[in-house]
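In: take this sequence and fold it.
(chains A and B)
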2 protein chains.
Amino acid sequence: MLHTSDASCPSMARLDELVQMLLQSEVDNPVRPMLDPSKVADELGLAIPAGGLSIEETIDKLRGVVLATPVTSGTGFYNQLFGGREPIAVLAEMLGAILNNSMYTYKAAGVQVVLEQILLDKMASLAGMTGGDGLFTPGGSMSNLAAMIIARNEKVAGTREEGLPGGRYIVYTSAESHYSVRKNAGLIGLGRENVRKVPVDNTGRMLPEELERMINEDNQRGNHPTMVIATSGTTVMGAFDPIKPIVEVGHRHDLWVHVDGAFGGSALLSKEFSPLMDGVELADSLTWDAHKMMGVPLICSVMLTREPGMTTNHFDESATYLFQQDEDRLNPGTRSLQCGRRNDALKLWAAWQHLGDTGYEKRLNRQLELAAHFRDRVAEDPELTLSFEPEWINVCFEVTGKPSDRICDLLDKRRLAKLGWGIVFGRRVIRMVCVNPALTEGDLDELLANVKLVARDLPEADNAVDNRQASDD
Amino acid sequence: MLHTSDASCPSMARLDELVQMLLQSEVDNPVRPMLDPSKVADELGLAIPAGGLSIEETIDKLRGVVLATPVTSGTGFYNQLFGGREPIAVLAEMLGAILNNSMYTYKAAGVQVVLEQILLDKMASLAGMTGGDGLFTPGGSMSNLAAMIIARNEKVAGTREEGLPGGRYIVYTSAESHYSVRKNAGLIGLGRENVRKVPVDNTGRMLPEELERMINEDNQRGNHPTMVIATSGTTVMGAFDPIKPIVEVGHRHDLWVHVDGAFGGSALLSKEFSPLMDGVELADSLTWDAHKMMGVPLICSVMLTREPGMTTNHFDESATYLFQQDEDRLNPGTRSLQCGRRNDALKLWAAWQHLGDTGYEKRLNRQLELAAHFRDRVAEDPELTLSFEPEWINVCFEVTGKPSDRICDLLDKRRLAKLGWGIVFGRRVIRMVCVNPALTEGDLDELLANVKLVARDLPEADNAVDNRQASDD
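Out: Below you'll find the model as predicted:
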């Protein structure tokens, strides 16, 4: 039965057993012990055997691995811009793994292609980009990559066919933007040096007048201002750049305006918070990750454009051996970054069916409500310093006079919480992000109590950082 | 319970039920009916509701969707370079969906990072690239993309920092290579026109002397020969370019030599077939997809380099808010294309534990054995024409005088099989790929009988194609 083609009943029973064990262990041990990376391979027997193990032996090893893997859905995880889970999305993702369709053609993926397009249309309508274009990509960085390639091709004539003609094509983004902007500029041949970090105001938002000043400066130097990447929901501060004035400046100078809403795009789900993204309907493209605030398993990222035809114009490639049935409209492979592509749509579709627009709105409002609760606890506590007034779910603060980085390390080491730090205006600050709406006010109070607890065991320290570190993000 | 953080027991029971139903239906209906794409959204109620559905209603809809999705693991699927499933890999993929770790840091993914590195080391050792470098990417096209970016940066000084300096940087690949080479050249700023298609011999293998001739020609024109992409396992013919002579030519002219083994890399698993890739240990980089011949769910693709440090040198980007604990070695995010990245390693690790090296060798040999059986049936049949002697699992043929494309369409329409066609030396040929080792000789005989059956209902036709189509591969 080595080559059996079915995921047989015993396997499903085993899966059930493993899942129940895993879920119970997440409750019992919301933060797992930190394992010594140099020993874990031996301890868990990770080396690949020449001869192969029985299914039972393999499952035993899998059990060990699963129980040693960091928990991202429990009450101890505040480290990342994802966390928690919508059960129906997980179930759909598991079905997707069994179905195993590659999303390039209607022949190979059928209804899954239609369902994916419905999601793109839905998200476009929330962004005011109905009638535009869009695609699923393998992550927010890759959605930004797709947008930056389209922007480059649209603004630098002949690039797709003849290659970049030489010269400095400048990308503007805020000093608080995600590192993928600079990285992508390196990947697509524009050069990392040609990314300009536009200064931000005291809540982390790009200053449109500084953007314009920098564009003018580059024009005077003979450089070619090409695109601006605004951010909706910066990684550390959760800041929303003012899109409307950025679009005005960008379009006045003939730049492509992309909005990186990988994190904050979900604001569009809520009447209360969508004004943070006013003007997105005027931008040229948008990144929006559903695996962050929308609770579906990694990865589920979308890139949308205001104009139609963009993905086809810049990503299509003929291949008779693949695209041979149905119209191109039904074959997303003609406009994707990838060729073979996993199904990232089914999980989001299932979650949206269950929650509906109203459910997702409530879910988002709850995430913000939890953040507001945490912000209030920090603000009222004399031992703590709130770094700035949060706009989003990022609450940044210091235990006054105690080292933020070491507090986070110690929380992890003592298995109290996974929590990260960032640099805000030259200071190391603890960043609490409240992505998982299943958390309670009580969980957050406990987190804060634990932060103060471990801080007591640490010596005084100044969180000010030198310039080099402050500017490296 | 809208925001429950656990995949609750009823969900698991439901999953079990859905999986059993799905597996049974794959046996009963190995090729599902082709649905009218303009009606399927209404028929299955795919639109996203404002108000949300109950879990039971959502699962009812999911059931409908699952039963309408093309089957890729049954006895009717010969359409793609993947198919079938290793149950333990599916189980591990499902666990990965629940675990939901992003593979950028040891803090967030722990043992999963170690296990991923073990796989990279293992695959590097099979390719003779031990001590080199590697990464997981979201697909074979993306692995080629990663390699082409590294190649470009290594050969065109200053590109990563200052951008491409202008000029024609030439990429060589065979006329039979995958479309991602040309596409990627467009994505990374080299330009699609700067990809040269090197002629092939009568089994589809690149001619090294033609490669050298074309390099010399470009040098004379003042262009900059930059990289050559050899293919191990071309998409249509399954041809293996002769790597050793290509490396000799390439390195003599200071080109980066990448091997696209997305499809054929798995030859390295078998003593009998690994000689097809002789010389890969001399190449600079290699793409190898485990989701094709190794039976793990989509996507599982690896890019390896012979020299160490390559991925860090060309993909790293500092981000204090993310990389703040442990050494960079333990934080794959410092050398990945993506930032947030799903776990594509666990499924392959689990399958390799179960099969071992010997099991994977047997599995591969069986895939080739099935192809040889099919080749023999075609060769001995007077109604059929074998297009060339296969080296790999691709068996290409014509029903003499009958239209290959329409045969494939009709097989799908009549729910007999999903099978594709390709263009070989100016003729449309049926391409049978034998990826799923759970298939039997009987399944293949039945497939061939069905091919002949539907051919009878089609008018005579010439499979010769005009030049335009022949060259668009």
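In: what is the longest helix of chain A by residue count?
Out: The longest helix of chain A (DSSP state H) is helix A:346-380.
In: tell me the domain ranges of chain A?
Out: Taking automatic domain parsing as the criterion, chain A consists of the domains A:1-71, A:102-344, A:351-470.
In: now those domains in CSV, with distance to B:Ala283?
Out: From N, CA and C alone the C-beta is placed, and that goes for glycine too. Rendered in CSV, the data for the domains of chain A read as follows (distance: least, CB to CB, whole Å):
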stretch, distance to B:Ala283
domain A:1-71, 23
domain A:102-344, 21
domain A:351-470, 38
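In: could the ones you listed be laid out in TSV, adding mean neighbour count?
Out: Below are these laid out as TSV (neighbours: other CB atoms under 10 Å in any protein chain shown):
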stretch	mean neighbour count
domain A:1-71	17
domain A:102-344	23
domain A:351-470	19
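In: and of the ones you listed, who's closest to B:Pro199?
Out: Comparison of these against B:Pro199 by CB to CB identifies domain A:102-344 as nearest, at 18.6 Å.
In: the domains of chain A: which one's closest to B:Arg375?
Out: Nearest of the domains of chain A to B:Arg375, taken as CB to CB: domain A:102-344 at 18.9 Å.
In: ok so, going back, what's the following helix or strand after the longest helix of chain A?
Out: strand A:384-386 (DSSP states H and E).
In: remind me what that following strand packs against, helices and strands.
Out: In this structure, strand A:384-386 makes packing contacts with helix A:346-380, strand A:394-399, judged by 3 or more CB pairs under 8 Å, 6 or more residues apart in numbering or on different chains; DSSP states H and E.
In: what about the ones you listed, which gets the closest to A:Gln20?
Out: It is, among the helices and strands packed on strand A:384-386 and with distance given as CB to CB, helix A:346-380, at 20.9 Å.
In: SS state for A:Thr231?
Out: The three-state label given to A:Thr231 by DSSP: H, G, I helix; E, B strand; the rest coil is strand.
In: and the pLDDT at it?
Out: On the pLDDT scale, A:Thr231 is placed at 98.
In: so who does it touch?
Out: A:173-174, A:176-178, A:206, A:239-241, A:259-261, A:264 (CB atoms under 8 Å, 6 or more residues apart in numbering or on different chains).
In: next one: A:Glu361
Out: A:269-271.
In: which residue comes closest to the residue in the stretch 1-150 of chain A that chain B sits nearest to once chain neighbours are left out?
Out: Here the stretch 1-150 of chain A gets closest to chain B at one residue, A:Gly52, 2.9 Å apart by CB to the nearest CB. Nearest non-adjacent residue to A:Gly52, counting by CB to CB, 6 or more residues apart in numbering or on different chains: B:Gly356, 2.9 Å away.
In: for the one you found, what are its contacts?
Out: A:48-53.
In: pull up the per-residue confidence for A:Pro10.
Out: So A:Pro10 comes in at 56 (pLDDT).
In: before we move on, what about A:Ala470?
Out: 44.
In: and A:Tyr172, by the same measure?
Out: On pLDDT, A:Tyr172 comes in at 99.
In: wait, a helix at it?
Out: No. With three-state DSSP as the criterion, A:Tyr172 is strand rather than part of a helix.
In: OK, contacts around the closest residue to it other than its chain neighbours?
Out: Among residues not flanking A:Tyr172 along the chain, A:Val228 sits closest, at 4.3 Å (CB to CB, 6+ apart). Taking CB under 8 Å, 6+ apart, we find A:Val228 in contact with A:171-173, A:211, A:246, A:249-250, A:255-258.
In: just those residues now: which is nearest chain B?
Out: Using CB to the nearest CB, A:Val171 comes nearest to chain B of these, at 10.2 Å.
In: quick one: residues contacting the nearest residue in space to the closest one that is not next to it in sequence.
Out: Excluding the flanking residues, the one nearest A:Val171 by CB to CB, 6+ apart is A:Val195, at 4.7 Å. By CB under 8 Å, 6+ apart, the contact set of A:Val195 is A:170-173, A:181-182, A:185.
In: what's in contact with stretch A:31-46?
Out: So stretch A:31-46 is in contact with A:47, A:61, A:64-65, A:67-71, A:74, A:76-77, A:412-413, A:415-418, B:106, B:110-111, B:113-115, B:118, B:326, B:330, B:349, going by CB under 8 Å, 6+ apart.
In: roughly how far does the closest residue to A:Tyr169 other than its chain neighbours sit from chain B?
Out: Leaving aside its chain neighbours, A:Tyr169 sits nearest to A:Thr226 (4.3 Å; criterion: CB to CB, 6+ apart). Using CB to the nearest CB, to the nearest Å, we find A:Thr226 at a distance of 11 Å from chain B.
In: residues contacting A:Arg427?
Out: Residues in contact with A:Arg427, defined by CB under 8 Å, 6+ apart, are A:387, A:398, A:463-465.
In: let's see that with 10 Å instead.
Out: By CB atoms under 10 Å, 6 or more residues apart in numbering or on different chains, the contact set of A:Arg427 is A:385, A:387, A:396, A:398, A:404, A:421, A:462-465, A:470.
In: what's the closest of those to chain B?
Out: The closest of those to chain B turns out to be A:Trp421 (CB to the nearest CB; 6.6 Å).
In: show me the shaky parts of the stretch 1-150 of chain A.
Out: A:1-10 (pLDDT under 70).
In: just the helices in it please.
Out: Under the criterion DSSP state H, counting those that start in this stretch, helices of the stretch 1-150 of chain A are mapped to A:9-28, A:40-43, A:55-68, A:87-99, A:106-109, A:111-126, A:140-155.
In: okay if I get these as CSV plus distance to B:Val429?
Out: Shown next, in CSV, are the helices of the stretch 1-150 of chain A (distance: least, CB to CB, whole Å):
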stretch, distance to B:Val429
helix A:9-28, 38
helix A:40-43, 47
helix A:55-68, 40
helix A:87-99, 29
helix A:106-109, 18
helix A:111-126, 27
helix A:140-155, 34
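In: which one of those lies nearest to B:Gly128?
Out: So among those, helix A:40-43 is nearest, using CB to CB, at 22.5 Å.
In: tell me who's in contact with A:Leu207.
Out: By CB under 10 Å, 6+ apart, the residues touching A:Leu207 are A:174-175, A:198-201, A:213-214, A:241-242, A:245-246.
In: make it 8 Å
Out: A:198-201.
In: go on, A:Thr235?
Out: With CB under 8 Å, 6+ apart, A:Thr235 has these contacts: A:81, A:176, A:178, A:263, A:422, A:473, B:319, B:321-322.
In: which one among those sits at the bottom for pLDDT?
Out: The member of the contacts of A:Thr235 with the lowest pLDDT is A:Asp473, at 41.
In: for chain B, what are the nearby residues on the stretch 151-300 of chain A?
Out: Proximity of the stretch 151-300 of chain A to chain B, by CB under 8 Å from any CB of the partner chain, involves residues A:152, A:158-169, A:178-180, A:182-183, A:185-194, A:235-236, A:289, A:291, A:297-299.
In: kind regards, and thank you for your time.
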